[in-house]
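Undergrad: Whatever this is, show me its structure:
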Amino acid sequence: MAMLEVNHLDVYYGKIHAIKNISLTVEKGELVSLIGANGAGKTSLLTAVMGQIPSTGEICFEGQNIHGKETMEIVRHGMTMVPEGRRVFPRTSVLDNLLLGSYSQKNRANAKTDLDKIFEMFPRLQERKNQLAGTLSGGEQQMLAMGRALMSRPKLLLLDEPSMGLSPRLVDQVFETIVAINQAGTTVMLVEQNANQALRIAKRGYVIETGEIVLEDEAAHLLDNPQVKESYLGG
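TA: Model prediction:
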């Protein structure tokens, strides 16, 4: 049984068919990448899985049908998402942003332990814990968004375009952190336009075009696929 199983998912925006009969799986412990051009439907897929937009089809998490459930309930089940563009609370401190991520935890005493782990993973956040989140750099805000998501102790972490708008040095750092999160035991589904980096750290990959999954394979095979090379890896 896959940790996440999506079957025949469709999303419409009015008459626009944004997600077309998509089926995919993410196994426990995997790092799976979903690549595709801007506007291909990557974000729509993630937001549908998280219950943030209407959809039809079936979404199962650890064997339970979560389709149609509220986002808060999905987070309590153990799946959370770092949205595109970070979306931190700019007028709130770094510390309070992180603590907001633990709102779904029943045992509030876990927050101190989890904070220590986040600060160990992101020392810069500890240095700036009393600073307003809106004054952080783009890279620091991405660290904060990831740290906030991890405060909910997710079993499955969905990441939407984590490298967007970052310098090459920070992009490398973000991808190294994603690998570390996965190796520490969190299953990861990564949505990225940076196909080269995304496939290099993943076990498996999917390619989405105009709302449809057109390729699925081991990530290493996709890196060598002529179609993927031409369309997403610069030849």
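Undergrad: Just checking the distance from stretch 161-171 to the centre of its chain.
TA: Centroid separation for stretch 161-171 versus its chain: 14 Å, with Cα atoms, centre = their mean, to the nearest Å.
Undergrad: tell me which residues in stretch 132-147 are buried?
TA: Buried residues in stretch 132-147, counted by 16 or more other Cβ atoms under 10 Å: 132-133, 136, 139-147. (Glycine included, C-beta is placed from N, CA and C.)
Undergrad: Hmm, which of those residues is lowest in pLDDT?
TA: Ranked by pLDDT, the buried residues of stretch 132-147 bottom out at Gly139 (88).
Undergrad: Is the closest residue to that one other than its chain neighbours inside a helix or a strand, and which specific one?
TA: What sits nearest to Gly139 in space, not counting adjacent residues and going by Cβ to Cβ, 6 or more residues apart in numbering, is Leu170, at 3.9 Å. Per DSSP states H and E: Leu170 is located in helix 168-183.
Undergrad: Just the residues contacting that helix, thanks.
TA: Under the contact criterion Cβ atoms under 8 Å, 6 or more residues apart in numbering, helix 168-183 has outside partners 29, 31, 121-122, 138-139, 142-143, 146, 150, 157, 159, 162-163, 166, 188, 190, 194, 197, 200-201.
Undergrad: rerun that using 6 Å as the cut-off
TA: 31, 139, 142, 162-163, 188, 197, 201 (Cβ atoms under 6 Å, 6 or more residues apart in numbering).
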